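S.K.: Got a sequence here, can you model it:
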Amino acid sequence: MLIADMIHSCSNDKVAQAALSCIGGTFADRVASVASKNGVSAGRYVALVVKDFALRADGAAHAALQEQIARCDAPLLHGLRRILESALEGGVFLCDEALGMEPHLIGGASFASRSKYQ
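M.R.: Got it, this is the predicted structure:
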């Protein structure tokens, strides 16, 4: 249920931006930098990553994430950070119809492969 709530809420750019601000620190700065390099706002980038997770992550990935956030003080923020870390490491294959963008790989240092949420 927590993961579904996170996906639902953080698929919105403004909510995603607020969540990233709550995480804060150098991690949020890194996300904002990658977003800027890809021509989108940090909130938009986070929302796109969350949507990618919702579309591509299998049951095992959901179960693993649920296990990781089960006993956290802030499970939604911790889960969001885990999803973003995966995207920053491997890139995310996205199609953002709202921006009129064709499918492309967006992410961190490597644009070579699709993201894996494991």
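
S.K.: what secondary structure does the nearest residue to residue 41 once chain neighbours are set aside sit in?
M.R.: Once flanking residues are discounted, residue 41 sits nearest to residue 35: 6.1 Å by C-beta to C-beta, 6 or more residues apart in numbering. Yep, even glycine has a C-beta here, placed from its N, CA and C like the rest. When classified by DSSP: H, G, I helix; E, B strand; the rest coil, residue 35 comes out as helix.

S.K.: list the contacts for residue 35?
M.R.: Residues near residue 35 by C-beta atoms under 8 Å, 6 or more residues apart in numbering: 41-42, 44-46.

S.K.: how near is it to residue 2?
M.R.: Look at residue 35 and residue 2: by C-beta to C-beta, to the nearest Å, they are 24 Å apart.

S.K.: Do I have it right that residue 47 meets residue 19?
M.R.: No - counting by C-beta atoms under 8 Å, residue 47 stays clear of residue 19, with 9.8 Å between them.

S.K.: what do these two both touch?
M.R.: Joint contacts of residue 47 and residue 19 (C-beta under 8 Å, 6+ apart) are residue 10.
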